[in-house]
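Chemist: the following block contains a protein sequence and its predicted model.
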Amino acid sequence: MSIYGLDPVLGYHPEVVGISNSEMATFKEDRRKWMLGYYLGLEPRQKPVDGPLPLGTRVHYALEMYYTNNDDPVEIYVKQTQDDHVWLLADGRDDAKFLKEAELGRIMLEGYLEWIEETGADSGLEVVSAEEKLSVPILDGRVNLIGKLDMRVKRKVDGVRLFMDHKTAASMDSVTKISHLHWQPKMYMLLEMLKDDEEQRCDGMMYNILRKVKRTATATPPFYQRVEVRHNRETMNAFWYQVHGVVTDIMNVREALDNGMDHNVVCYPNPTQDSTWKDPFFALNGLMDDGSSAERFIDDFYIQRDPYQRYEMSDTQGGVLNV
């Protein structure tokens, strides 16, 4: 089925569809966004370098390099911002917002290093693995549930294994109050439960939260926090049915699009206030409904790519933290 002259993108065997937690979250949030990003595989030709998502991505990568390669996260972060700044200036764009956010991220990481040194937060942790791909077949093998773990850690004192996920947040409450309902730790735990390797199985998720604040004299701590999330069998049983429901809905919509169903019927939009910074197709959304040349806009500002390419990267093994 061609939509706006584009055929669906599948970076995997068409008989087996890979579906991740990120795809399910996008589908639940906005079906049009899902269709454009996952079914058609569109992404902006020029990705933004300022805003909450790019800032979080740079901080996340810097911490990843710190925990897997023992690199200086501040140096890694500064190098990223320098590269992005060069691109921004070459594109002729105003850099005021970018420079402000770049400074914020650097201060956050510098404070994070001070925090783990003062508190010894990492002293009892061992990195077991990083950038690890998980994949489990469901629905009679027609779908692979897939995920990519940031990092596994083990507490030395009791041997408890946890997934660790780095989060940048405007407030601690935005993560802590809803962390027990997030699908991400449940998905990782489900993927582990569906595997037979019980010895390597993690018991839950550890959120490593960095608050987006410059830690000025008037700022109120905490600026850094770790929250563990675990789930009992009843929660995981309920989640198993919820995943089946969403995956079944996705497969039904895929089939409808493949068979020529009008995308407005099965992939209706659901824009929110957050769409202005969170949705890479925000500028395209209105054009798809008002008779404008959405196809030309897509040609000018988007490219097609395999949305699951990042899941094919090789795994990286970790070791004992040098703290």
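Modeler: Ah, there it is.

Chemist: element containing Asp84?
Modeler: Using DSSP states H and E, Asp84 sits within helix 73-90.

Chemist: got the buried residues for that helix?
Modeler: For helix 73-90, a neighbour-count test (16 or more other CB atoms under 10 Å) marks Pro73, Val74, Ile76, Tyr77, Val78, Gln80, Thr81, Asp84, Leu88 as buried. Using the backbone N, CA and C atoms, a C-beta is placed for each residue, glycine as well.

Chemist: immediately after that helix, which helix or strand?
Modeler: Stepping forward along the backbone from helix 73-90, the first helix or strand reached (DSSP H and E) is helix 96-119.

Chemist: contacts for that following helix?
Modeler: Applying CB atoms under 8 Å, 6 or more residues apart in numbering, the contact partners of helix 96-119 are 49-51, 54-55, 58-59, 62-63, 73-74, 77-78, 81, 84-85, 88, 121-122, 168, 210-215, 223-224, 323.

Chemist: can I have the buried ones of those residues as a PyMOL selection?
Modeler: Typed into PyMOL, the next command selects the buried ones out of the contacts of helix 96-119 (criterion: 16+ other CB under 10 Å):
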select buried, resi 49+50+54+55+58+59+62+63+73+74+77+78+81+84+88+121+122+168+210+211+212+213+215+223+224
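
Chemist: and the contacts of helix 96-119, which of them are in helices?
Modeler: 54-55, 58-59, 62-63, 73-74, 77-78, 81, 84-85, 88 (DSSP state H).

Chemist: with distance to Arg31 added, can I get those in CSV?
Modeler: Putting the ones in helices among the contacts of helix 96-119 into CSV (distance: CB to CB, whole Å) gives the following:
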residue, distance to Arg31
Pro54, 25
Leu55, 28
Arg58, 30
Val59, 30
Ala62, 34
Leu63, 33
Pro73, 37
Val74, 40
Tyr77, 35
Val78, 39
Thr81, 35
Asp84, 32
His85, 36
Leu88, 33
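
Chemist: and of these, the nearest to Gly245?
Modeler: Pro54 (33.0 Å; CB to CB).

Chemist: what is the burial count for the closest residue to the closest one other than its chain neighbours?
Modeler: On the basis of CB to CB, 6 or more residues apart in numbering, the spatially nearest residue to Pro54 that is not a chain neighbour turns out to be Pro48, at 5.8 Å. Each residue near Pro48 was counted by other CB atoms under 10 Å, and the total is 14.
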